[in-house]
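Trainee: predicted model, plus sequence, below.
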Amino acid sequence: MSLLEITWTDPVTGRHGYVVIDSLIGGMASGGLRLRAGCTLDEVRGLAQGMARKEAIVYDPRDRYQPFGGAKGGIDVDPRDPEASAVLRRFIAAVRPVIREQWNTGEDFGVRQELLDQIAAELGLESTVEAVFSRIEDAAEARTRLAAGFAVDVDGIGLADLVGGFGVAQAGLSMLRRSGLDPATATAVVQGFGSIGGAAARHLAASGVRVVAIADREGLIRNDAGLDVEALLRSRDGLGVVDRGHLRPDDEKGDRDDWLAVPCDLLVPAAMSYVIDRAAVDRMTARIVVEGANMPTLPDAETALAARGVPVVPDFLANVMTNAWWWWVVFGDVAPDASSAFEKIAGTMSRLVETVANEAATTGVSLREAAQTLADRNAAAAKARLI
């Protein structure tokens with residue numbers, strides 16, 4: 001059972017928004033806010049549970065950052081709707097007391113941090129993570145560190161937009177090596193080309209992996225010889241849609257759902273939830289799935305993939321690094337620069353994947369079950385430190 005569930009109705013449009021606090025540690029929870037047409041309370045509840053796992057799984061007693069509980073917010077509105085920003089502002093105004101006291105939130109699917117910061121300032125909030133700053137002795141220094149981290153640019157892309165996808169890429173590289181596949185000869189398909197998918201594709205390509213297809217809102221882009229990921233990143237818009245006018249002559253266009261059937265070693269669903277169902281498994285040829293999005297694989301599909309020997313790195317492990325990076329910077333566990341961020345993420349992700357994969361191999365359970373066991377163990381250890 002969740003600790004708190006809020007269902008909000010917009011007084012202007014009648015659209016619904018939701019906040020779910022699944023758990024609290026030290027009186028606080030962490031989790032993003034998404035905009036998606038069709039978003040439901042059940043969806044937000046599941047995402048909040050996932051955030052509790054994300055917070056716990058990166059626990060390291062040597063860090064100043066100690067995990068919080070899990071929370072999530074969501075609004076049933078298309079982010080492209082002209083009314084979306086106004087609906088978002090009214091929602092944040094309505095739940096402002098929860099943000100101020102318990103719920104540390106940030107960008108998620110369909111909403112950029114810049115817009116959240118703008119709305120927060122209009123409503124008299126210094127940030128969307130005010131709950132944590134109220135409990136930090138060096139709050140001014142922590143704010144400065146976080147602002148400095150968000151100001152870092154890495155070859156034209158903000159560091160904050162790279163850390164999550166970099167972590168997903170590191171999880172994929174670790175799994176390729178464990179499976180005896182050389183990244184220099186491996187292939188990958190990435191579904192979604194926003195901050196997570198775009199950054200994952202960038203870092204996979206930089207590591208030698210041939211990214212043969214990406215799917216965005218407008219369809220599939222494929223080149224079996226390898227896509228020019230950097231060129232595609234430069235041509236995408238704020239919602240991760242690639243300008244087709246910048247494709248090379250040998251880049252092929254296809255339907256949006258064709259990404260599942262493209263032959264590859266590594267498949268990265270990094271956009272929507274619930275996109276890999278049991279029927280989709282019959283179309284897939286991937287040898288490894290790394291979940292860049294939240295809840296992209298349905299349980300029966302994961303069972304079918306396991307029967308084929310296809311491991312699925314669960315979302316709360318693979319895409320944890322955006323959340324972790326925020327808190328590492330706030331608490332001073334990493335400097336607000338790219339080299340510190342990437343070093344910490346690479347080392348942490350390698351350790352987590354190895355720990356979870358070894359546990360799964362030893363006990364005969366799935367990667368998800370092994371990761372859940374680790375998260376539960378870490379959450380108990382973190383709570384014990386507060387007693």
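Mentor: Nice, thanks for sending it over. Residues are numbered from 1 along each chain as shown.
Trainee: closest to the centroid, which residue in this protein?
Mentor: residue 319 (4.2 Å; Cα atoms, centre = their mean).
Trainee: how close does that one get to residue 127?
Mentor: Counting by Cβ to Cβ, to the nearest Å, the gap from residue 319 to residue 127 is 22 Å. Backbone N, C-alpha and C define where each C-beta goes, glycine included.
Trainee: same question, residue 104
Mentor: Residue 104 is 9 Å from residue 127, by Cβ to Cβ.
Trainee: out of those two, which sits in the more crowded spot?
Mentor: Set residue 104 next to residue 127 and count neighbours by other Cβ atoms under 10 Å: residue 104 wins out with 23 against 20.
Trainee: for the more buried one, name its beta-bridge partners.
Mentor: Applying DSSP bridges to residue 104 gives these bridge partners: residue 30.
Trainee: what residues are up against the closest residue in space to residue 93 that isn't next to it in sequence?
Mentor: Sequence neighbours aside, residue 123 is the residue nearest to residue 93 in space, at 5.6 Å (criterion: Cβ to Cβ, 6 or more residues apart in numbering). Residues in contact with residue 123 (Cβ atoms under 8 Å, 6 or more residues apart in numbering) are 89, 92-93, 96.
Trainee: per-residue pLDDT, residue 123?
Mentor: On pLDDT, residue 123 comes in at 95.
Trainee: for residue 129, see how far away it is.
Mentor: For residue 123, the distance to residue 129 - Cβ to Cβ - is 14 Å.
Trainee: for residue 66, give me its contacts.
Mentor: Counting by Cβ under 8 Å, 6+ apart, residue 66 touches 25-26, 59, 382, 385.
Trainee: which residues touch the residue of the chain most remote from its centre?
Mentor: Largest separation from the mean C-alpha position in the chain: residue 249, at 32.4 Å (Cα atoms, centre = their mean). Going by Cβ under 8 Å, 6+ apart, residue 249 touches no other residue.
Trainee: look at it and give its secondary structure.
Mentor: Put simply, residue 249 is coil when judged by DSSP: H, G, I helix; E, B strand; the rest coil.
Trainee: in three-state terms, label residue 6 for me.
Mentor: strand.
Trainee: surely it meets residue 41?
Mentor: No - at 9.3 Å, residue 6 does not count as touching residue 41 under the criterion of Cβ atoms under 8 Å.
Trainee: anything in contact with each of those two?
Mentor: Common contact partners of residue 6 and residue 41 (Cβ under 8 Å, 6+ apart): 18, 20.
Trainee: check contacts around the closest residue to residue 184 other than its chain neighbours.
Mentor: On the basis of Cβ to Cβ, 6+ apart, the spatially nearest residue to residue 184 that is not a chain neighbour turns out to be residue 208, at 4.0 Å. Going by Cβ under 8 Å, 6+ apart, residue 208 touches 183-184, 186.
Trainee: measure residue 208 to residue 182 for me?
Mentor: For residue 208 relative to residue 182 (Cβ to Cβ), the value is 8 Å.
Trainee: now residue 147
Mentor: From residue 147 across to residue 182, the span is 40 Å (Cβ to Cβ).
Trainee: and what of residue 18?
Mentor: Taken as Cβ to Cβ, the span from residue 18 to residue 182 is 44 Å.
Trainee: more crowded one of these two?
Mentor: residue 18 (26 against 11).
Trainee: what are the ranges of the strands in the stretch 1-150 of the chain?
Mentor: Secondary structure of the stretch 1-150 of the chain (DSSP state E, counting those that start in this stretch): strands located at 4-9, 16-21, 29-30, 33-35, 69-75, 103-104.
Trainee: so residue 157 makes contact with residue 194?
Mentor: No - with contacts counted by Cβ under 8 Å, residue 157 stays clear of residue 194, the gap being 11.5 Å.
Trainee: the more surrounded of these two?
Mentor: Neighbours were counted for residue 157 and for residue 194 using other Cβ under 10 Å; residue 194 has more, 24 against 18.
Trainee: what residues does the more buried one make contact with?
Mentor: Counted by Cβ under 8 Å, 6+ apart, residue 194 has contacts 109, 239-240, 270-271.
Trainee: check residue 176 too.
Mentor: Applying Cβ under 8 Å, 6+ apart, the residues contacting residue 176 are 182-183, 186, 209, 265-266, 288.
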